[in-house]
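S.K.: Whatever this is, show me its structure:
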Amino acid sequence: MKTIFQRLANLKRSQAARLAALWLIILTSHFAGASAASAAPQPRTVGRSFVYTITNLNGDNTIALYERDAQSGQLSFRTTFPTGGRGSGTLIDSQSPLVVNDNGTVLYAVNAASNTISALAIADDGALTVIGTYNSRGVMPSSLALRGDLLYVANKGDAANAPNYAGFRVNADGSLARIKRLTPLNLGDNPTQILFNREGTMVIGLRFGGRLIDYYTVVRASGKLRPRGQLTSPTGPFAGAFNPLNDTQLIVSDARLPGAVSYAINGQGQMQQIHAVSNAPDRAACWIAVHPNGLYVWVSNTGTNTLSLYTINADGTLNLVGNHSTQAFGRAPFEIVLDKSGQFLYQLNVRAGNQSIHVLRVTGNSANAGLEDVATVNLPDGATPAGLVVVE
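M.R.: Just a heads-up that it's a prediction; the model follows:
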């Protein structure tokens, strides 16, 4: 029997390829808001691969480093590195609190308790060095969006401080310089993700509490966000991902549906719903990852410890293929992420007592949501982990 991959092999794959570029060594300058400075990050030597997660300890925050075997997908814990900020010791219910630049040379991480963002240079051996920590310009930073020389953060706020979106210019050395204008939100909106489209021309904000999806045009020269519209129809938009092959298609996990919803973006930058597919009786469809071939999307069902696989049709409609239980390997799955080749999926399990990163192989079959369990590694003691990135 042909696999899903074989049946869809005639569909057009991405022709875009990342160009390797050498970085110039430059002198660094001190920027307002930075607590430390560093030389410009050097290009990493190709060949080693790593996985990182924020431990979000109650106190001094750290990032855990795991070395990745690219052939088997398995992880080996190495050590932790300080971020220069403070963790909250409570779960961060948002996608992308940890992001990496395209060159794989700088990580950006939120420090929820100190309301800061850390920039950290990545060495060839995976070691991290703090470039600087920067005021997030809000309370409880939770989600980051990075494209080129622009970074935006969603600050959740609290009972007294409204959430917002704040922007930063990324300097050549990885440090951040704030963009003056803030985008205010409403108390209780609980923004759970901010993300760029592939081209970096649009920013999407998902407000789980407000049941809203915001969309903005990016003014590259100034870094400011220009509001284009707002969708008020979603029931529980939690996280989103653009189709890597089609920048006009946005797939959103909806925790209250529960399931996945696809949206189309037209040439004028306006959005409308294409299709909604429930995966009930699974619950809390929250975190999301799209395969690099643009044909498959997985949703992490936090309430039932499962992963759901959907296929993405050319017109943006979705088909639910099936589910895969990961309950035996950890509880309360949060972030999920694929490696660049789409051969392995990594799942962050956050329930106290059995926090772990679970490794799964992508099989290309319809059985078990196209996944096969490989291995599980534990997280450092005391962690309330957040975010997951693969650096290759």
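
S.K.: What is the neighbour count of residue 136?
M.R.: Neighbourhood size, residue 136 [other CB atoms under 10 Å]: 27. All C-beta spots, glycine's among them, are computed from the backbone N, C-alpha and C.

S.K.: remind me which residues of the chain are low pLDDT?
M.R.: For the chain, applying pLDDT under 70 flags the ranges 1-40, 42-46.

S.K.: how about a cut-off of 80?
M.R.: Counting by pLDDT under 80, the chain has low-confidence residues at 1-47, 233, 267-269.

S.K.: Where do the helices of it begin and end?
M.R.: Along the chain, the stretches classed as helices by DSSP state H are 4-7.

S.K.: Quick check: residue 313 vs residue 213, distance?
M.R.: 21 Å (CB to CB, to the nearest Å).

S.K.: Those two - which one has more neighbours?
M.R.: Shown here are residue 313 and residue 213; by other CB under 10 Å, residue 213 has more neighbours (23 against 16).

S.K.: Can you tell me who the more buried one pairs with across the strands?
M.R.: Beta-bridge partners recorded for residue 213 (DSSP bridges): residue 206, residue 231.

S.K.: close enough to count as contact, it and residue 230?
M.R.: Yes: counting by CB atoms under 8 Å, residue 213 does reach residue 230; the two are 6.9 Å apart.

S.K.: Chain neighbours aside, what residue packs nearest to residue 261?
M.R.: Nearest residue to residue 261, sequence neighbours excluded (CB to CB, 6 or more residues apart in numbering): residue 276, at 4.4 Å.

S.K.: That neighbour: what's it in contact with?
M.R.: 254, 257, 259-262 (CB atoms under 8 Å, 6 or more residues apart in numbering).

S.K.: Widest-spaced pair of the residues you listed?
M.R.: Largest separation among these by CB to CB: 257 and 262, giving 12.2 Å.

S.K.: can you count the residues close to residue 265?
M.R.: That count, for residue 265 with other CB under 10 Å as the rule, works out to 21.

S.K.: Report all helices and strands that the top strand by length along the chain contacts.
M.R.: Ranked by residue count, the top strand of the chain under DSSP state E comes out as strand 75-87. The contact analysis (3 or more CB pairs under 8 Å, 6 or more residues apart in numbering; DSSP states H and E) places strand 75-87 against strand 49-54, strand 59-68, strand 106-111, strand 116-122, strand 128-135, strand 371-378.

S.K.: got the buried residues for it?
M.R.: Buried residues in strand 75-87, counted by 16 or more other CB atoms under 10 Å: 75, 80-81, 83-87.

S.K.: For residue 129, see how far away the residue nearest to residue 107 when sequence neighbours are not counted is.
M.R.: Sequence neighbours aside, residue 120 is the residue nearest to residue 107 in space, at 4.6 Å (criterion: CB to CB, 6+ apart). According to CB to CB, residue 120 and residue 129 sit 6 Å apart.

S.K.: Would you point out which residue is most central in this structure?
M.R.: For the chain, the residue nearest the mean C-alpha position is residue 96 (3.0 Å; CA atoms, centre = their mean).

S.K.: from what I can see that residue touches residue 387, true?
M.R.: Yes: with contacts counted by CB under 8 Å, residue 96 reaches residue 387, the gap being 6.8 Å.

S.K.: which residues do those two both contact?
M.R.: residue 335.

S.K.: ok, back up a step: in contact with the residue nearest to the centre of the chain, which residues?
M.R.: So residue 96 contacts 143-145, 193-195, 239, 335, 387 (CB under 8 Å, 6+ apart).

S.K.: before we move on, what about residue 88?
M.R.: Residue 88 touches 56, 58, 112-113, 140, 384, counting by CB under 8 Å, 6+ apart.
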